[in-house]
Every structure is written in structure tokens, then in C-alpha cells.
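**Student:** any chance you could fold what I've pasted below:
(one chain, ligands or ions: 1)
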Amino acid sequence: MAIESRRSFLAAGGSALAGGFGLPHLSAAIQNTVSPYHRPKLKITDVRTAMVAVHGPQAHVRVYTDQGLIGQGESTDAAVGTPALLRSFRPRLLGKDPLNVDAIWEELRRGGIFAGAQGGQYITALSGLEMALWDVAGKALGLPIYQLMGGKFRDRVRIYCDTDMKDNMGAEAERKVAWVEEVGFTAAKIDIDDAGDPARFDAVNRTASNGEIARMIREVRHIREKLPSAIDLAVDMHGFYDAPTGKRVAQEMEGFHLLWLEEPVPPENIDAMAEIRRSSKTPICCGENLFLRWGFRELLEKRAVDIIMPDIQKAGGLSESRKIANLAEAYYIPFAPHCVVSPVGTMASAHVCASVPNFLVCEWHWINHPDLWKNWVREGEIIEKGFISIPDRPGIGVEMNDEAARHAQIPGTPWFAPGEGA
Ligand code: MG
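**Tutor:** Numbering: from 1, shown residues only. All right, here's what the predicted structure looks like:
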């Protein structure tokens, strides 16, 4: 239609106007103003950060452009270095086209090979930046991020509630389990590692005593009986134990039909994780402390887990996490991302979850910060009956409410202060 309109316009008025303006110039002017294929041209003008403390120190990132569009990102868990790292990335970002998301990401990753770009703080900082670039790209093109990632497989993304409890047996458990059911979550998670367990004989070694294992079983049984059977239960051990303990607990959990048992051992030794997985029918999940596609390659090749859980705001960002999910799909492994970030990062994660076929469930970890959660973005509550509906607004689709979010600002740290020369 647009091409036809242009032709008609030229046929009707082109010859009459040609004398005054010259046809080539007129044609170029029309191309520039009415072509539906005009790609936005933007330049990055600044990158700014703010630090908050909710699930430990977390970094928020803003990418500014010469056309007034601002993208927002978030990095977590290994995020204390994000402001300094982004300052160091800044000279390589200014003037760049923010729509070349993967190319910018790859240039910074390759440029940091000798500076720790294999994981940790470096990749976490890059994750926050990459998310902000996707937000800019979506806003510039007028499309939600899921659309830029190939479209969505689902309209709603299933969320589970991490109950974040100090005590799985007392009043807190009673209250939280009832709340999980009442608000409509379809899955929940509890932690069973406890460094302060009185049945622990040694504060340093990673072997759980019979008393500790009995306590773990008691807690899981208690919560499993309290929760309706339709609500799935996942259990986290935070990589706190050794292989014999991991194996025993995985076997003891079989009767509870868990959604998964998470990090029974630390994730660095893939063979040990694989040994636990083979020893039990309990599904094993791991990945929140792994980075990039390369961090997940061996885990998948060795069939060391049943489910992977990359942290999208830490493992490399939206695009990288989608690639990790695609890699897992080749092994028929579901993708259940770790997620402890604000509604901004959680919504960005939801776009990734919507865009991969093997998505299982995504974490929510703000049960102890309900007011902060509800007020963090201008759009208000984003979870409804345990699901997030993916918005069609451009970019991530939610905007931070600075006034509310600043309640979590780490004292003495800047709040999106301009970089030098900005
Ligand atoms: Mg965990």
C-alpha cells in the first residue's frame, strides 16, 4: 500500500513539481519521510547506574540515546561491580547504535577475555547493560521485546513463589503457605539448607548428619502436606552439601514428587552433579551460578540435570539466556530461570520465557518486600494469580517508579548520575 501510494503521488504530481525541486531530490525526501522501511538511527549518549539493596546489592542500568529514548536494565547477585564495570565500558559504548544489541555485547565480551569475561561480575554487568539495550531497541521500533526475539509461544508466563522462610515449620510457614494458595500460585519453593542446624557437628564440612537429614525430610513433608497437591513444590539446598549428602537427600525426596531439588552440591563439578542425578528419581536443577552458553554446555552434554535455571540478569542477559534455553531444548531439558530482580527485570525475563518453547516456570522472590514490589513500577502489580501476562507495550513494557524504588537505594551511592561529558 505504501509503495503504491508513493507511486501514485509521483505519477500525479511528480512532473509538475519536477521543475521547482528536481525529481531526484523530491524522491529522496519522500523516501526519507514516508518509507515504512526506515530504520531508526540512534546513538548511545550515556550509561548510568543506581545501586539498590533488596536481594543483596542489585544494580539498575540506564542507557541514554541522542533521541531521548532511555532503556533500563538490571543486574543481580554478582552486581556490586556493575557501576565500575559500566564506567569502564562507557568509552566503547558512546556513539554506538544501541539497536546492534548482540554486536555490542559480543564486542565487550571478547574485549574482556583477560578481564574476567568468562563469568562473575563482568558478565553480570554486561547482562544489565544488554537488557537496557533491548529496552531501547523495543522502544525505538515500537515493539515488545518478545516480538524482537521471534514472537511468543504463550501469552502468560508461569511464576513460582520462593517463600524465603527462616523457619519451614512455624507460624511464618503457616502464613506464607496459606498466602501462596490464596493468591493463586501454582508452584512454590522452600530452602532446606541450614548452617545453624543444632544437629550439625561441624561448621565447615559439607556432610549433613542423620539429624540434619531427618530435619530436612520433616520440613519438606510438613510443607508438602500443607500445600494442595496441585501446587508444585521445589526444594533448594544452595550447593551447601557434599556428594554423599546430595545423593541421600535426593533419594529421601523421591516420595514427595518434587518439581525439583536444587543444587544439592555446588555447581562447579558437573560430574558430581551428574552422579547425584543418576542416583535418584528426584529431578535435579541447577544453573543460577553458571554463566553464558559455555557454562551450560557441559551440564547439558553430561545430562547432569533435569532442569536448568540460568539467572537472566546474571548469566549474560536476555539474548544469551534465550540461546541457553535453545541449547537446553536440544537435550529436551526445560528452562526455569532463577529470578530475584525487581518487576523491571522480572518483566524482561518474562519476555524471554514467552519466546522459548521449553519454558517451565520462572522464580519470584519478593515475598518479604510486598510494598516495594507493588510500587516499584508505574504499572503496579505485574503478577496475577501466579502468572505474568506479557504486555504489548514497546520494550520491556514497564517503567520504574523512581520515588518508590529509591526506598531501596544503597545509602551514599549515586542515583543514575550522568557520566563525565554527558
Ligand atoms: Mg537457588
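
**Student:** now do the SS call for Asp392.
**Tutor:** coil (DSSP: H, G, I helix; E, B strand; the rest coil).

**Student:** got a pLDDT number for it?
**Tutor:** On pLDDT, Asp392 comes in at 97.

**Student:** the residue in the stretch 1-150 of the chain that the ion sits nearest to: neighbour count?
**Tutor:** When scored by Cβ to the ion, the stretch 1-150 of the chain has Asp77 as its residue closest to the ion, at 10.1 Å. For glycine as for every other residue, the C-beta is placed from the backbone atoms N, C-alpha and C. Asp77 has 19 neighbours, counted by other Cβ atoms under 10 Å.

**Student:** ditto for the one 4 residues further on
**Tutor:** For Gly81, the tally of surrounding residues (other Cβ under 10 Å) stands at 18.

**Student:** equivalent analysis for Glu182, please.
**Tutor:** Neighbours of Glu182 using other Cβ under 10 Å come to 8.

**Student:** you'd agree it is in a helix?
**Tutor:** Yes - looking at Glu182 with three-state DSSP, it is inside a helix.

**Student:** show me what contacts it?
**Tutor:** By Cβ atoms under 8 Å, 6 or more residues apart in numbering, Glu182 lies in contact with nothing.

**Student:** Glu275 now?
**Tutor:** When contacts are counted by Cβ under 8 Å, 6+ apart, Glu275 touches Ala243, Lys247.

**Student:** distance of it relative to Ala208?
**Tutor:** Separation of Glu275 from Ala208 (Cβ to Cβ, to the nearest Å): 17 Å.

**Student:** name the nearest residue to Gly184, sequence neighbours excluded.
**Tutor:** What sits nearest to Gly184 in space, not counting adjacent residues and going by Cβ to Cβ, 6 or more residues apart in numbering, is Lys385, at 3.3 Å.

**Student:** per-residue pLDDT, the one you found?
**Tutor:** Looking at Lys385, its pLDDT reads 97.

**Student:** burial of it, as a residue count?
**Tutor:** 10.

**Student:** distance check, it against the ion.
**Tutor:** Plainly put, Lys385 is 24 Å away from the ion if you go by Cβ to the ion, to the nearest Å.

**Student:** what residues does that residue make contact with?
**Tutor:** Lys385 sits in contact with Val183, Gly184, Phe185, where contact means Cβ under 8 Å, 6+ apart.

**Student:** give me the secondary structure label for Asp46.
**Tutor:** strand.

**Student:** sorry, back to before: for the residue of the stretch 1-150 of the chain closest to the ion, what are phi and psi?
**Tutor:** Backbone torsions of Asp77, given as degrees, to the nearest 10, read phi 70, psi -50.

**Student:** that one contacts Ala315, correct?
**Tutor:** No - applying Cβ atoms under 8 Å as the test, Asp77 and Ala315 come out as separate, 10.1 Å apart.

**Student:** neighbours of whatever residue of the stretch 151-300 of the chain ends up closest to the ion, how many?
**Tutor:** When distances are taken as Cβ to the ion, the stretch 151-300 of the chain reaches nearest to the ion at Asp236, 4.4 Å away. Neighbour count for Asp236, taken as other Cβ under 10 Å: 20.

**Student:** any idea how far it lies from Val220?
**Tutor:** From Asp236 to Val220 the distance is 11 Å (Cβ to Cβ).

**Student:** and for Ser349?
**Tutor:** For Ser349, the distance to Val220 (Cβ to Cβ) stands at 27 Å.

**Student:** so these two - more neighbours on which side?
**Tutor:** Per other Cβ under 10 Å, whichever of Ser349 and Val220 has more neighbours is Ser349, with 28 against 22.

**Student:** next up, the contacts around the spatially closest residue to that one that is not a sequence neighbour.
**Tutor:** For Ser349, ignoring the flanking residues on the chain, the nearest one in space by Cβ to Cβ, 6+ apart is Ile312 at 4.7 Å. If you count contacts by Cβ under 8 Å, 6+ apart, Ile312 has them with Ser127, Met131, Leu318, Ser321, Pro337, His338, Cys339, Gly345, Ala348, Ser349, Val352.

**Student:** possible to save those residues as TSV with distance to the ion and pLDDT?
**Tutor:** Shown next, in TSV, are these (distance: Cβ to the ion, whole Å; pLDDT from 0 to 100):
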residue	distance to the ion	pLDDT
Ser127	17	98
Met131	21	98
Leu318	20	98
Ser321	16	98
Pro337	11	98
His338	6	98
Cys339	11	98
Gly345	16	98
Ala348	20	99
Ser349	15	98
Val352	18	99
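
**Student:** please convert the residues you listed to TSV, extending it with secondary structure.
**Tutor:** Below are the contacts of Ile312 laid out as TSV (three-state DSSP):
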residue	secondary structure
Ser127	helix
Met131	helix
Leu318	helix
Ser321	helix
Pro337	coil
His338	strand
Cys339	coil
Gly345	helix
Ala348	helix
Ser349	helix
Val352	helix
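
**Student:** with the residues you listed in mind, which one is nearest to Met51?
**Tutor:** Gly345 (14.2 Å; Cβ to Cβ).

**Student:** enumerate every residue touching that closest one.
**Tutor:** Taking Cβ under 8 Å, 6+ apart, we find Gly345 in contact with Gly73, Glu74, Thr76, Met131, Ile312, Gln313, Cys339.

**Student:** repeat that for 10 Å
**Tutor:** Going by Cβ atoms under 10 Å, 6 or more residues apart in numbering, Gly345 touches 58, 60, 72-76, 127-128, 131, 311-313, 318, 339, 396, 398.

**Student:** kindly report the same for Phe185.
**Tutor:** 158-161, 163, 179, 227, 231-232, 361, 364, 383, 385-387.

**Student:** could you measure from the closest residue in space to Val377 that isn't next to it in sequence over to the ion?
**Tutor:** The shortest distance from Val377 to any residue other than its chain neighbours is 4.1 Å, reached at Val398 (Cβ to Cβ, 6+ apart). The gap separating Val398 from the ion is 25 Å, by Cβ to the ion.

**Student:** what is the neighbour count of Glu379?
**Tutor:** Glu379 has 14 neighbours, counted by other Cβ under 10 Å.
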